[in-house]
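K.L.:
Sequence first, predicted coordinates after that:
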Amino acid sequence: DGGITQSPKYLFRKEGQNVTLSCEQNLNHDAMYWYRQDPGQGLRLIYYSQIVNDFQKGDIAEGYSVSREKKESFPLTVTSAQKNPTAFYLCAIRGRGNYGYTFGSGTRLTVV
Amino acid sequence: DAKTTQPPSMDCAEGRAANLPCNHSTISGNEYVYWYRQIHSQGPQYIIHGLKNNETNEMASLIITEDRKSSTLILPHATLRDTAVYYCIVRVAGGAGSYQLTFGKGTKLSVIP
């Protein structure tokens, strides 16, 4: 994944529970992003962070929370307030220059 | 960001060239055209990008029309492993601060044996 690691690959959650998805990078990039993808759909932005201790809401932030205490880590918490959390979650970092994003391999979250 | 329009699906015979079109008629002068692809259950992968000149790398070629209102991604010899969803995105690149890429539904390319 070019220096970006998401874990776990599969995650099951009971209704009403919070769950945290991990995203770690070792490329020393400042900008990190979380996207959600539903079957047959494009990617929707949840949160992004440009620098440590700062983050911004994306298009669908309700029911999610993030933190950016370290440059290399940007964990996403799916809270019980997220009514339909079953989805594929992707973390990305912004590359230097014009090369766009590098994505992790994703976490598939299923509510059981 | 300029909006892009892509066909929802295309088929291509293995070994032939795959030509994936994208319309971006509202593109502005400082917006680049990016292409990514997403193989099933993986994260999107960067393929190529360009501003106004045609570009080629080890994966593909990008042809941008002179008026920049459309582009075509060319996979010269498609293989079964090229079966994926291909996203065309236009966005300002570089500069200070961060930027967001907006991924639509893309084109699902099926390479047929």
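P.N.:
Structure received. Numbering: from 1, shown residues only, chains lettered A, B, ... in the order given.

K.L.:
Residue A:83: how many residues sit nearby?
P.N.:
As a burial measure, residue A:83 scores 9 neighbours (other C-beta atoms under 10 Å in any protein chain shown). C-betas here are computed from N, CA, C, even on glycine.

K.L.:
Could you pull out the strands in the chain for me?
P.N.:
Going with chain A. A:4-7, A:10-13, A:19-25, A:32-37, A:43-51, A:54-57, A:64-66, A:76-78, A:87-94, A:101-103, A:107-111 (DSSP state E).

K.L.:
Chain B was what I was after
P.N.:
B:9-13, B:18-23, B:31-38, B:45-50, B:55-56, B:61-64, B:70-75, B:84-92, B:107-112.

K.L.:
returning to that earlier point: how about the strands of chain A in JSON lines, adding distance to chain B, mean neighbour count and mean pLDDT?
P.N.:
Converted to JSON lines, the strands of chain A look like this (distance: least, C-beta to the nearest C-beta, whole Å; neighbours: other C-beta atoms under 10 Å in any protein chain shown; pLDDT from 0 to 100):
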{"stretch": "strand A:4-7", "distance to chain B": "8", "mean neighbour count": "18", "mean pLDDT": "94"}
{"stretch": "strand A:10-13", "distance to chain B": "10", "mean neighbour count": "14", "mean pLDDT": "93"}
{"stretch": "strand A:19-25", "distance to chain B": "11", "mean neighbour count": "19", "mean pLDDT": "96"}
{"stretch": "strand A:32-37", "distance to chain B": "7", "mean neighbour count": "25", "mean pLDDT": "94"}
{"stretch": "strand A:43-51", "distance to chain B": "4", "mean neighbour count": "21", "mean pLDDT": "91"}
{"stretch": "strand A:54-57", "distance to chain B": "9", "mean neighbour count": "14", "mean pLDDT": "92"}
{"stretch": "strand A:64-66", "distance to chain B": "14", "mean neighbour count": "20", "mean pLDDT": "97"}
{"stretch": "strand A:76-78", "distance to chain B": "14", "mean neighbour count": "21", "mean pLDDT": "97"}
{"stretch": "strand A:87-94", "distance to chain B": "5", "mean neighbour count": "23", "mean pLDDT": "94"}
{"stretch": "strand A:101-103", "distance to chain B": "3", "mean neighbour count": "24", "mean pLDDT": "89"}
{"stretch": "strand A:107-111", "distance to chain B": "7", "mean neighbour count": "17", "mean pLDDT": "95"}
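
K.L.:
mean pLDDT lowest for which of the strands of chain B?
P.N.:
Between those, the one with the least mean pLDDT is strand B:84-92; it has a mean of 89.

K.L.:
So residue B:6 sits against residue B:35, correct?
P.N.:
No: assessed by C-beta atoms under 8 Å, residue B:6 is found out of contact with residue B:35, at 10.2 Å.

K.L.:
which ones are touching residue 57?
P.N.:
This is for chain A. Counting by C-beta atoms under 8 Å, 6 or more residues apart in numbering or on different chains, residue A:57 touches residue A:47.

K.L.:
my bad, the chain I had in mind was chain B
P.N.:
Contacts for residue B:57 were tallied using C-beta under 8 Å, 6+ apart; they are B:47, B:48.
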